[in-house]
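Asker: my questions concern the predicted model and sequence given below.
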Amino acid sequence: MSGVASAAGGKTLAGYNFAYLDEQTKRMIRSAILTAVAIPGHQIPFGSREMPLPYGWGTGGIQVTASIIGADDTLKVIDQGADDTTNAVSIRRFFSKTAGVRTTESTREATIIQTRHRIPEAPLAEGQILVYQVPIPEPLRWLEPREVETRKMHALSEYGPMHVQLYEQIATFGRIAATYDYPVMVHGRYLMRPSPIPKFDNPKMDRNPALQLFGAGREKRIYAVPPYTSVKSLDFDDHPFSVESWEHCCGLCGAGASYLDEIVIDDKGGRMFVCSDTDFCTQRQAQGFRGPLNSEAAE
Amino acid sequence: MSMPREESLLEVRDLGKYFGRTVGCESVSFDLWPGEVLGVVGESGSGKSTLLKCLSAQTAPDRGIVRYRLRDEDLCDVHALSEARQRMLMRTDWGIVHQNPRDGLRFGISAGANVGERLIAVGARHYGNIRTEVTDWLQRVEMEQSRMDDLPGTFSGGMQQRLQIARNLVTQPRLVFMDEPTSGLDVSVQARLLDLIRTLVGTLRIACIVVTHDLGVVRLLTHRLMVMRGGRVVEQGLTDQVLDDPQHPYTQLLVSSILPV
Amino acid sequence: MEDRTILLQATGLAKTFTLHNQGGIRLPVFDALDMAVCAGDCLALVGPSGAGKSSLIRCLYGNYLPQRGSIHVRHREALVDIAAVHPQMIVEIRRHTIGFVSQFLRAIPRVPAIDVVAEPLLARGVDAASARDAAAAVLARLNIPRRLWNLAPATFSGGEQQRVNIARSFVADFPVLLLDEPTASLDPDNRNVVIDMIVEARDRGAGVVGIFHDVEVRRAVATGEVRMNVERDAA
């Protein structure tokens, strides 16, 4: 086992309810989640609460997680694929303190994975729940500022404007230039913003065995993609959807098909590409895989 | 009265719209045939814009009925259609050219995208084909291809109106509503736009309802004319007959009030 | 054998103008007027100024609304009453059956002369190239210099404008032609061209009604006359 798991003591911070939110609020949010699961991709309004961290730091995702988490769950939190960034660490500590749950860095071990900007490389399984932190849930917002009008557009499946955005990109750059938060159609019905994940991750959403929940705290919306639901990225017949690829492989683990971050390593222009998913990379290295910049570690 | 042999495209019966006690429009009835251009004139407050809104399903009338012949030949009550079908109609079979281009164009996207949006809305998903058709339409409204990817805000008023026309006509509508399409433009630009509208409408056999206060516009553009006052139609008939031999006192006043050039 | 098909027939026609904004004055123009035009006829309307010749022509074209009577025109083999028909039908009749040369040309500003002339053919669905060819032929016959064809007629001289106006109505062989002083501002050469064109129209079986102030023209083209007098003021 490579994940750093904390002891599941079940001890919670005195003076707080289990997982911070009061039970009434959790019921309200769970009710919104159930509706969201019933209508894949459709945004459900909910009464977003004040959380002990600012909007933009994952308040939507945290409220969803707080509402579904139980004492026997194992939580993983990632930010840009990494388990060890400030945001991920503090949210993990938040739940280990307020809910006393076990936490992990292992994708496979986790029952709930809260994420910002990535979907783990390791395939998810039935029974797992992926909770996305969403800054702006409305995919049509850039074109249509009126909420009343965007709701009507969703109701009537008037999604032409979204393709217009792609048209503009092809006209300007010669190709679809969107690389993250790339719009998708869920279950052939609702247009959805997948949150700012790289489009590299879009295919992973399609027919995924895990339940995917999306929480937007400031915008007070929850939406969901139930297990095994079709999720298709928008495109044109002559400009089909495609994901990024790299000339390099991961400098540490040698993976050739994972999402890579570029890291500047000195002030002479030196750089390396490494997996953005730290758990994935660590697991591979533990299995003996080595990248070109990791040869000394191989000895 | 001997009627044209073709089936009418639009049938309006006893249409009325009230704002409290104020009459918006009242007792309006007429038929419109494919390819026919109908002018509606009257001064501000005569109810012509209210009528246009009721006809184009932008406002629900308080009484009367507007029936439109769909492509499958059935006459349908426009206001009884679901909102989804009304909006579909507006994107495909109908066009609306607004007085103010800001109401009819999206200023946040390029000229080409403004035209392409209507094609995409009806299911076009091939970028190259969309691009070709948009180029063709921009040429038809005499716009330079080099301006295709510019924002409409960088265009002159006349160009914006021509862009609006291209955006509306690209889906080959059968009925286009125009609300003061040339007001607010320079006289020289007006003439060019009028000629363009007339040619396109004529060659494509598009039926049009043009609301304006400009009698010059109706003379050049329309076949038939309705004169409105106080929400009611006081006179209607062949455009040149109504203008050259007006029968109603109000029409006579209107016609005699044109300033000589 | 002579073809005596009636193309245009007015029966019991009456026209009165009522000026509502000038004390409701009624100006009677003509009353109980009967006339008929057969294929090959050219009727000249004669009478003093103010006798209502132009008003009659305009009634026949559907441009003025008669107060009483009927105006039957043979349109697509059937007689249709212009005075009672739906406006949409008049548009259709004007497209196919009745051509009208008014005293003044009225065209969209900035449209080239050749397109102004080709328009009646385009309205009938003739393709653009053939319509332009036909328009060019008529313009050439009426001696409009080629360099003017692609210019808008607004800048032309009175005579040139009138010839564009004539070309417009002769480009599409209308079965019925209404001519309101077609030769008024023309020089002798062009006047003769127009006379030839009217005679040709007659010969091909068109029915013509015209106002010709020029006696020579009238002698050359008219096969009959309709005499009109100034109506006395209504009691």
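Answerer: That came in fine, so what should we check first?

Asker: what bridges to residue C:72?
Answerer: Residue C:72 has these beta-bridge partners by DSSP bridges: residue C:9, residue C:81.

Asker: does it touch residue C:80 like I think?
Answerer: Yes - Residue C:72 lies in contact with residue C:80 (CB atoms under 8 Å); the separation is 6.7 Å. For every residue, glycine as well, the C-beta is placed using N, CA and C.

Asker: report the rounded mean pLDDT for the helix or strand hosting residue A:283.
Answerer: According to DSSP states H and E, residue A:283 maps onto helix A:278-286. Helix A:278-286 carries an average pLDDT of 95.

Asker: elements contacting it?
Answerer: strand A:74-79, strand A:271-275 (3 or more CB pairs under 8 Å, 6 or more residues apart in numbering or on different chains; DSSP states H and E).

Asker: how about residues contacting that helix?
Answerer: Applying CB atoms under 8 Å, 6 or more residues apart in numbering or on different chains, the contact partners of helix A:278-286 are A:2-3, A:76, A:78, A:81-84, A:105-107, A:120-122, A:250, A:252-255, A:258, A:274-275, A:294, A:297.

Asker: please name the nearest non-neighbouring residue to the residue of the stretch 151-299 of chain A found nearest chain C.
Answerer: As assessed by CB to the nearest CB, chain C sits closest to residue A:171 within the stretch 151-299 of chain A, at 31.6 Å. Excluding the flanking residues, the one nearest residue A:171 by CB to CB, 6 or more residues apart in numbering or on different chains is residue B:149, at 5.2 Å.

Asker: repeat that for residue A:18.
Answerer: Take residue A:18 and drop its neighbours on the chain: the residue closest to it by CB to CB, 6+ apart is residue A:99, 5.7 Å away.

Asker: so that neighbour makes contact with residue A:13?
Answerer: No - if you go by CB under 8 Å, residue A:99 and residue A:13 don't touch, sitting 9.3 Å apart.

Asker: shared neighbours of the two, anything?
Answerer: Contacts common to residue A:99 and residue A:13, judged by CB under 8 Å, 6+ apart, are absent.

Asker: and the two? which has more neighbours close in?
Answerer: residue A:99 (24 against 13; other CB atoms under 10 Å in any protein chain shown).

Asker: how much space between the closest residue to residue C:199 other than its chain neighbours and chain A?
Answerer: In space, and not counting its chain neighbours, residue C:199 is closest to residue C:221: 6.1 Å by CB to CB, 6+ apart. Going from residue C:221 to chain A by CB to the nearest CB, to the nearest Å gives 62 Å.

Asker: what subset of the contacts of helix A:278-286 is buried?
Answerer: A:3, A:76, A:78, A:81-83, A:105-107, A:120-121, A:250, A:252-255, A:258, A:274-275, A:294 (16 or more other CB atoms under 10 Å in any protein chain shown).

Asker: residue contacts, the residue nearest to residue C:199?
Answerer: Shown in contact with residue C:221 (CB under 8 Å, 6+ apart): C:42, C:44, C:195, C:198-199, C:202, C:208, C:210, C:212.

Asker: possible to save the residues you listed as JSON lines with distance to residue A:18, pLDDT and secondary structure?
Answerer: Shown next, in JSON lines, are the contacts of residue C:221 (distance: CB to CB, whole Å; pLDDT from 0 to 100; DSSP: H, G, I helix; E, B strand; the rest coil):
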{"residue": "C:42", "distance to residue A:18": "105", "pLDDT": "96", "secondary structure": "strand"}
{"residue": "C:44", "distance to residue A:18": "107", "pLDDT": "96", "secondary structure": "strand"}
{"residue": "C:195", "distance to residue A:18": "107", "pLDDT": "96", "secondary structure": "helix"}
{"residue": "C:198", "distance to residue A:18": "103", "pLDDT": "96", "secondary structure": "helix"}
{"residue": "C:199", "distance to residue A:18": "107", "pLDDT": "96", "secondary structure": "helix"}
{"residue": "C:202", "distance to residue A:18": "105", "pLDDT": "95", "secondary structure": "helix"}
{"residue": "C:208", "distance to residue A:18": "101", "pLDDT": "96", "secondary structure": "strand"}
{"residue": "C:210", "distance to residue A:18": "102", "pLDDT": "96", "secondary structure": "strand"}
{"residue": "C:212", "distance to residue A:18": "106", "pLDDT": "94", "secondary structure": "coil"}
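
Asker: buried among these? Make that a ChimeraX selection.
Answerer: The buried residues among those can be selected in ChimeraX (16+ other CB under 10 Å) with this line:
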select /C:42,44,195,198,202,208,210,212
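
Asker: from the contacts of residue C:221, pick the one nearest residue C:138.
Answerer: Set against residue C:138, the nearest of these by CB to CB is residue C:198 (13.5 Å).

Asker: below-threshold pLDDT in chain C: ranges please.
Answerer: Residue ranges of chain C with pLDDT under 70: C:1-3, C:231-235.

Asker: do that again at 80, thanks
Answerer: Low-confidence segments of chain C, defined by pLDDT under 80: C:1-4, C:106-110, C:230-235.

Asker: and the residue of it closest to chain A?
Answerer: For chain C, CB to the nearest CB, closest residue to chain A: residue C:128, 31.6 Å.

Asker: which residue packs closest to residue A:271, ignoring adjacent ones?
Answerer: Nearest to residue A:271 is residue A:264, by CB to CB, 6+ apart, at 5.1 Å.

Asker: could you find the closest non-adjacent residue to residue A:179?
Answerer: Of all residues not flanking residue A:179 in the chain, residue A:199 sits nearest, at 5.6 Å (CB to CB, 6+ apart).

Asker: count the neighbours of the residue in the stretch 1-150 of chain B positioned nearest to chain A for me.
Answerer: Distances between the stretch 1-150 of chain B and chain A by CB to the nearest CB are smallest at residue B:121, namely 3.6 Å. A count of nearby residues for residue B:121, using other CB under 10 Å, gives 20.

Asker: check contacts around it.
Answerer: A:158, A:160, B:91-92.

Asker: where does the stretch 51-200 of chain B dip in pLDDT?
Answerer: In the stretch 51-200 of chain B (pLDDT under 80), the answer is B:73, B:184, B:188.

Asker: what are the ranges of the strands in it?
Answerer: B:63-69, B:75-77, B:94-97, B:175-179 (DSSP state E, counting those that start in this stretch).

Asker: again with chain C
Answerer: C:6-19, C:25-38, C:42-46, C:68-75, C:78-81, C:98-101, C:176-180, C:207-211, C:224-227 (DSSP state E).

Asker: the second one pairs with which strands?
Answerer: Using DSSP bridges, the strands paired with strand C:25-38 in its sheet are strand C:6-19 (antiparallel).

Asker: now swap in the third one and tell me
Answerer: With DSSP bridges as the test, strand C:42-46 is paired with strand C:207-211 (parallel), strand C:224-227 (parallel).

Asker: check those for me and report the most buried one.
Answerer: Across the strands paired with strand C:42-46, the average number of neighbours (mean count of other CB atoms under 10 Å in any protein chain shown) peaks for strand C:207-211, which reaches a mean of 25.
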